[in-house]
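Visitor: Starting from these lines, generate the structure:
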Amino acid sequence: MNIKIQFWNCVRSTFVEDFDLQIQGLKALGPTSSNDLFATHVQHCSKEYFKATSKCDVVENNMEEAFNGWIVEARAKPIINMLEQIRIMVMSRMTIKRNWVEKWRTNISSRALEKLE
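Guide: Predicted coordinates:
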């Protein structure tokens, strides 16, 4: 149980010095206690190595702005009617996107191919 607690302390470390301190604490619990942590790259399992920058051009604050702009008419309605209209809009969008995807000739989207080229 102590190894488990110390393991999670390592993973939750948010800066290098704390991570190193927690690793030393984990190693002190036994010679094989840190093997599971080092079985993967440390950069993939500790908060201190995670980067705060966006990894995708879609993940932005603009998504919220776009969604709010998309549902502007529905927002003026009572809650049940608003949710029903948003559901219909989402279902319609999913159908349009599904039909668009069915026309692909490859497993990669046409937009991704354009960027790749």
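Visitor: What residues sit buried inside the helix or strand that contains I88?
Guide: Assessed by DSSP states H and E, I88 sits inside helix 79-102. Using 16 or more other Cβ atoms under 10 Å as the test for burial, helix 79-102 gives I86. Just so you know, the C-beta spots here come from the backbone N, C-alpha and C atoms, and that holds for glycine as well.
Visitor: Off-centre distance for it?
Guide: 23 Å (Cα atoms, centre = their mean, to the nearest Å).
Visitor: what sits up against it?
Guide: 70-71, 73-77, 109 (Cβ atoms under 8 Å, 6 or more residues apart in numbering).
Visitor: Please, a PyMOL command that selects the buried ones among these?
Guide: Applying 16+ other Cβ under 10 Å to those leaves a buried subset, and the PyMOL line that selects it is:
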select buried, resi 71+74
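Visitor: mind putting the contacts of helix 79-102 in JSON lines, pLDDT included?
Guide: Output for the contacts of helix 79-102, formatted as JSON lines (pLDDT from 0 to 100):
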{"residue": "W70", "pLDDT": "87"}
{"residue": "I71", "pLDDT": "90"}
{"residue": "E73", "pLDDT": "90"}
{"residue": "A74", "pLDDT": "91"}
{"residue": "R75", "pLDDT": "87"}
{"residue": "A76", "pLDDT": "89"}
{"residue": "K77", "pLDDT": "92"}
{"residue": "S109", "pLDDT": "80"}
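Visitor: now the contacts of helix 79-102 as CSV including distance to I5 and secondary structure?
Guide: Converted to CSV, those look like this (distance: Cβ to Cβ, whole Å; DSSP: H, G, I helix; E, B strand; the rest coil):
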residue, distance to I5, secondary structure
W70, 45, helix
I71, 45, coil
E73, 52, coil
A74, 47, helix
R75, 46, helix
A76, 51, helix
K77, 50, coil
S109, 45, coil
